[in-house]
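Undergrad: coords below, sequence missing:
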């Protein structure tokens, strides 16, 4: 007889909670009602794979477009200077009209003529002088005409001390620097895409877990109301269930807002007019990464930052060579040929040699300054190698820590599932309370969300590691090789 009250209590609890307990088993998805919030993303959202999102990013990113334009500009400048130091041929044409007006004095001629007549015999001089016309004292001349001329000139720097090669080397280094900047920009954009893409996937996963947990909490809270009416639980327990429901609703709304914001950020990143739903899941690989030394060795060969430092060093070397070239003599060939059809044309050709004996600019100090720039570039390169190695090690350790943490969290999820099963069974038997079942369900959602966050940490650390090694394009290969996928929908 002592077991009959307990039997009746269990029967009443079972009758009241049968609808709620149908969705409480951890192996079944939680059922939703019309009052459960809609999924964070609309079912009509366009699914997009990571590979497709990356194609959109590469095609639409303004930062990548600007970096590409800078590379093309540097390459065009280099191509424009390919013939530097070669001959220059120019054609000069000139057309002009002139007018000349002048008075010419004839007094010298008159005096000369008088002197000549005085030297003649008197009879002859008088006879000739009387017949010669009298010369005026001056004559006015006026001349006006149009003329045209044309000429062709040639100038050829035969020897400039290596100045042309130094300029071309400097432009090559500038083009390499622009390419290094573009590679670095592409790597940073790939990392940003990973952050936005899988950040949206994590937010959608968290929102779905909160939505499922809310559905279960609401059913249990409704069951608590019925149990209070049946006199099975106290008013305090019902209020606790309702408080847990209010908190679950708030958490579900916040998770939904976060998911929509993350989806918006992804859409803005790749310039999509509509919200997008990532189709590739968060992932973790149970296999450890390649040895750290391999990543460091590859990074010290492929990192865009190191390529930029090396390009800077080449620019400093080209500037040093240009300074040294100005110390040497310059030899120029030149020629000029008149283009005319009247008579034999004029022409000239020759060589010119120029050597600076003294200059107001101290070339020794300039050479010393460029040598210091070379020393600075060497030291910067060594520092860059050290920094890259440290950066790679940091991200490599972050990946391994996230991987081992995710695997270790499996025990916590198993415990949370078992606790939910036991709380559900206890409530069926009348030895548990709805609040305990609600806590167990929310705890499972929390543990699953934490595992998803750990998976996202793994993904983000992997992207950062690949960027640090100059291998951001290998991310998709690592994603395909991962043996653990974390879907948005819970099984």
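TA: Now that the structure is in, tell me what you want to look at. Because the structure is a prediction, the values reported are computed rather than measured. Residues are numbered from 1 along each chain as shown.

Undergrad: Now do the phi/psi pair for residue 336.
TA: phi -140, psi 130 (degrees, to the nearest 10).

Undergrad: Quick check: it touching residue 347?
TA: Yes. Using CB atoms under 8 Å, residue 336 is in contact with residue 347, at 6.4 Å. All C-beta atoms are positioned from the backbone trio N, CA, C, and that covers glycine.

Undergrad: Settle it for me: which of these two has more neighbours?
TA: Neighbours per residue, other CB atoms under 10 Å: of residue 336 and residue 347, the larger number sits with residue 336, 16 against 11.

Undergrad: Domain-wise, how is this protein divided?
TA: 4-85+162-329+361-486, 104-145 (automatic domain parsing).

Undergrad: Dump those domains to a markdown table, plus mean neighbour count.
TA: Below are those laid out as a markdown table (neighbours: other CB atoms under 10 Å):
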| stretch | mean neighbour count |
| --- | --- |
| domain 4-85+162-329+361-486 | 18 |
| domain 104-145 | 10 |
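
Undergrad: Could I get the full set of helices for the protein?
TA: 4-21, 50-60, 62-80, 107-119, 122-131, 163-229, 235-269, 292-302, 304-325, 363-429, 434-468, 475-481 (DSSP state H).

Undergrad: The last one - what's its average pLDDT?
TA: It refers to helix 475-481. Across helix 475-481, pLDDT averages out at 93.

Undergrad: List of residues touching that helix?
TA: 50, 51, 54, 190, 194, 280, 283, 285, 287, 462, 463, 466 (CB atoms under 8 Å, 6 or more residues apart in numbering).

Undergrad: one more time with 6 Å
TA: With contacts defined as CB atoms under 6 Å, 6 or more residues apart in numbering, helix 475-481 is touched by 283, 463, 466.

Undergrad: shaky segments in the chain?
TA: Under the criterion pLDDT under 70, the flagged ranges of the chain are 1-45, 109-111, 113-135, 341-343, 489-491.

Undergrad: Now do the contacts for the residue minimising distance to the centre of the chain.
TA: The centroid of the chain falls nearest to residue 185 when counting by CA atoms, centre = their mean (2.3 Å). Residues in contact with residue 185, defined by CB under 6 Å, 6+ apart, are 63, 67.

Undergrad: redo that, cut-off 8 Å
TA: 63, 64, 67.

Undergrad: nearest spatial neighbour of the last one, skipping sequence neighbours?
TA: In space, residue 67 comes closest to residue 182 once its chain neighbours are excluded; the distance is 3.9 Å by CB to CB, 6 or more residues apart in numbering.

Undergrad: which non-adjacent residue is nearest residue 380?
TA: Per CB to CB, 6+ apart, closest to residue 380 is residue 309, 5.4 Å.

Undergrad: what do you get for residue 399?
TA: Nearest to residue 399 is residue 461, by CB to CB, 6+ apart, at 4.4 Å.

Undergrad: Could you tell me how far the one you found is located from residue 104?
TA: 100 Å (CB to CB, to the nearest Å).

Undergrad: What of residue 348?
TA: 34 Å.

Undergrad: And residue 258, by the same measure?
TA: In terms of CB to CB, residue 258 sits 103 Å off from residue 104.

Undergrad: Equivalent analysis for residue 183, please.
TA: From residue 183 to residue 104 the distance is 80 Å (CB to CB).

Undergrad: try residue 446
TA: 116 Å.

Undergrad: Residue 198 too?
TA: Where residue 104 is concerned, residue 198 sits at a distance of 99 Å (CB to CB).

Undergrad: just residue 322 next, same as before
TA: Counting by CB to CB, the gap from residue 322 to residue 104 is 59 Å.

Undergrad: One more: residue 189?
TA: 84 Å.

Undergrad: Residue 441 now?
TA: 123 Å.

Undergrad: circling back to that earlier point, tell me which of the helices of the chain lies nearest to residue 94.
TA: Nearest of the helices of the chain to residue 94, taken as CB to CB: helix 62-80 at 29.8 Å.

Undergrad: how far off helix 50-60 does that closest one point, in degrees?
TA: 50 degrees (axes from the mean of the first three to the mean of the last three CA atoms, to 10 degrees).

Undergrad: which outside residues touch helix 62-80?
TA: 57-58, 168, 171-172, 174-175, 177-179, 181-182, 185-186, 189.

Undergrad: out of those, who's nearest residue 426?
TA: Nearest to residue 426 among the contacts of helix 62-80, with distances taken as CB to CB, is residue 57, at 51.3 Å.

Undergrad: That closest one contacts residue 191, correct?
TA: No. Counting by CB under 8 Å, residue 57 sits too far from residue 191 to count as a contact (11.1 Å).

Undergrad: In the sheet, which residues pair with residue 47? Tell me.
TA: Applying DSSP bridges to residue 47 yields these beta-bridge partners: residue 277.

Undergrad: Run through the residues that contact it.
TA: 276, 277, 278, 279.

Undergrad: Relative to residue 204, how far out is it?
TA: Taken as CB to CB, the span from residue 47 to residue 204 is 11 Å.

Undergrad: what residues are shared contacts of the two?
TA: 277, 278.

Undergrad: I'd like to know how far the residue nearest to residue 67 sits from residue 197.
TA: From residue 182 to residue 197 the distance is 22 Å (CB to CB).

Undergrad: One more: residue 52?
TA: Separation of residue 52 from residue 197 (CB to CB) stands at 10 Å.

Undergrad: do the same with residue 207
TA: From residue 207 to residue 197 the distance is 16 Å (CB to CB).

Undergrad: Any chance you could list what contacts stretch 436-443?
TA: 24, 213, 216-217, 220-221, 241, 244-245, 248, 416, 419-420, 422-424, 426-427.
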